[in-house]
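# Sequence and predicted structure are below.
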Amino acid sequence: MSTIIDVAKKAGVAISTVSNVLNGKGNVSAKTTQKVRDAIDSLGYEVNPVARNMKSASSKMIGIVVTNFGRVFFAPILRYCREIAESHGYNLLCIESNDDFELEKQYINLMKNSNFDAIILDTIAEIDNKEYFEHLRTLSNRNKRIAVVCIERNLAEFGLDSVDVNNYGGAQKAMCHLSAIGCKKILHITGPINSWAAEGRARGYSDYINNVHKSKQLIAFGDFSPQSGYSVVKKLLMNSLELPFDAIFASNDQMAVGAIKALHELGISVPGEIKVVGFDDSFVASLVNPSITSVHISRSQIGMHAMRMILDRIINPDKPVCNHTIDTQLVVRESTESNVYIAMDFENW
């Protein structure tokens, strides 16, 4: 890989002259500027935006740390963040922690030491980890504050700007729908135990079962992957003489897809014998057969609000901390088709 030294040698000029051409500074003649640019093109030299700006107040770099790229939930969020970042002259680096808290901390430290201006974080830290949240709130490098915005959970009480989702309310909408079409025994497949989103959805399920549905809780543990939804259903039904549940509320669409595959392999019809609801309303929900009823989350809103908060925080580090909660909508599809129809007023739940 060519360096700025190689460019200077190729053009026959000083390193400082190459630097002035790259940064548009200094009084460099048109002839010398062209020699430098010809050398850059010839060598294929690329400027490292972080290294170039290490001595400046801004690196124009924003990092995003999410839990797992395998979850289709994140793709639209990252796309919207990138579009907004680029429109404001920022570069974006996206990385996954693979649900590993130690790895998450390593990446945060790497971005801090690389002089990033800001970080958007989907943390898996425990809610009582106040020391870590204080570390994020005061994150800095060379006396420059690094803005941090957390997504998928509300950490405003710890001094961190946040964009969260009304997961609890979304779960209540899913449960209300299944109850309204006559489901009596509803299984909930949870997400990972360290997921704030999954915890909110599980609470919404449990509270509805206990306070409204008045039935027995049926909970199985998944990890947001299609394989976990598939395995849960296969394990529960392989040796069962009768169906122990008539509906499944999965904590995301990917687990709902896995559950439906398992039901098909076992010769159980969806929605005829078991109805299925997912969460997130990702693109897979409308593509599979049957299409999946799902709780819709606007990923564009998450990306837009996270980027607005980040850009505002970069400009004004001392502005008041805020949280924005994204509401949900239920999108009804084939996986819960029923002849039963009851009007539902979700605003009262």
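Arrived safely, thanks for sending. Here the structure is a predicted model, which means the values were calculated and not measured.

# the strands in the stretch 151-300 of the chain, which residues?
All strands of the stretch 151-300 of the chain, identified by DSSP state E, counting those that start in this stretch, fall at 161-165, 186-190, 218-221, 247-250, 275-280, 293-297.

# Nearest to residue 131, out of these?
Of all the strands of the stretch 151-300 of the chain, strand 161-165 sits nearest to residue 131, with 18.1 Å by CB to CB. C-beta: built from backbone N, CA, C; applies to glycine.

# now that closest one against strand 293-297, angle please.
Relative orientation of strand 161-165 versus strand 293-297 (axes from the mean of the first three to the mean of the last three CA atoms, to 10 degrees): 160 degrees.

# which residues sit in contact with residue 17?
Residues in contact with residue 17 (CB atoms under 8 Å, 6 or more residues apart in numbering) are 8, 11, 26, 28, 32, 36.

# let's see 10 Å
Residues near residue 17 by CB atoms under 10 Å, 6 or more residues apart in numbering: 7, 8, 11, 26, 28, 29, 32, 33, 35, 36.

# C-terminal to the host helix or strand of it, what's the next element?
Using DSSP states H and E, residue 17 sits within helix 15-23. Counting by DSSP H and E, the element after helix 15-23 in chain order, helix or strand, is helix 30-43.

# count of neighbours near residue 337?
Other residues near residue 337 come to 15 when the count uses other CB atoms under 10 Å.

# And the helices in the chain, which stretches?
Taking DSSP state H as the criterion, the chain carries its helices at 4-11, 15-23, 30-43, 49-52, 74-87, 101-113, 130-137, 167-180, 196-208, 226-237, 253-265, 284-287, 299-315.

# just checking, which of those helices comes out with the lowest mean pLDDT?
Mean pLDDT is lowest for helix 49-52 among the helices of the chain, at a mean of 56.

# coming back round to it: of all pairs in the contacts of residue 17, which one is the farthest apart?
7 and 29 (16.8 Å).

# who's residue 295 bridged to?
Assessed by DSSP bridges, residue 295 has beta-bridge partners residue 279, residue 330.

# Quick check: it touching residue 326?
No - if you go by CB atoms under 10 Å, residue 295 and residue 326 don't touch, sitting 11.5 Å apart.

# which neighbours do these two share?
165, 166, 167, 170.

# Number of residues surrounding the last one?
A count of neighbours around residue 170, defined by other CB under 10 Å, yields 27.

# close enough to count as contact, residue 231 and residue 265?
No - counting by CB under 10 Å, residue 231 stays clear of residue 265, with 12.0 Å between them.

# neighbour count winner among these two?
Neighbour totals were compared for residue 231 and residue 265, and residue 231 leads with 19 against 12 (other CB under 10 Å).

# what about residue 60, how many residues close to it?
Per other CB under 10 Å, the neighbour tally for residue 60 reads 17.

# Need the nearest residue in space to it, chain neighbours excluded.
Spatial nearest neighbour of residue 60, chain neighbours left out: residue 90 (5.2 Å); criterion: CB to CB, 6 or more residues apart in numbering.

# excluding its backbone neighbours, what's nearest the residue nearest the centre of the chain?
In the chain, the C-alpha nearest the mean C-alpha coordinate belongs to residue 74, at 4.2 Å (CA atoms, centre = their mean). With sequence-adjacent residues excluded and distances taken as CB to CB, 6+ apart, residue 74 is closest to residue 66, at 5.0 Å.

# And residue 300, by the same measure?
residue 80 (5.2 Å).

# Surely that neighbour and residue 304 touch.
Yes - with contact defined as CB under 10 Å, residue 80 reaches residue 304; the gap is 6.0 Å.

# how close does residue 281 get to residue 241?
Residue 281 sits at a distance of 35 Å from residue 241 (criterion: CB to CB, to the nearest Å).

# which one of these two has more residues nearby?
Between residue 281 and residue 241, counted using other CB under 10 Å, the more crowded position is residue 281 (25 against 5).

# more neighbours, residue 295 and residue 326?
Taking other CB under 10 Å, residue 295 and residue 326 do not tie; residue 295 has more neighbours (30 against 19).

# neighbours around the residue lying closest to residue 167 once chain neighbours are set aside, how many?
Closest residue to residue 167 apart from its sequence neighbours, by CB to CB, 6+ apart: residue 200 at 3.2 Å. Neighbour count for residue 200, taken as other CB under 10 Å: 23.

# close enough to count as contact, residue 200 and residue 297?
No - Residue 200 lies out of contact with residue 297 (CB under 10 Å); the separation is 11.8 Å.

# With neighbour numbers in mind, choose between residue 7 and residue 29.
Legend: neighbour count by other CB under 10 Å for residue 7 and residue 29, higher for residue 7 (24 against 9).

# Just the C-alpha atoms of the helix holding residue 17, please, in CSV.
This file holds the C-alpha atoms of helix 15-23, laid out as CSV (Å, rounded to 0.1, in the frame of the first residue of the first chain):
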residue,chain,number,x,y,z
ILE,A,15,5.9,15.6,2.0
SER,A,16,4.5,18.9,3.3
THR,A,17,3.7,19.8,-0.3
VAL,A,18,1.7,16.6,-0.8
SER,A,19,-0.1,17.3,2.5
ASN,A,20,-1.0,20.8,1.4
VAL,A,21,-2.4,19.5,-1.9
LEU,A,22,-4.5,16.8,-0.2
ASN,A,23,-5.9,19.4,2.3
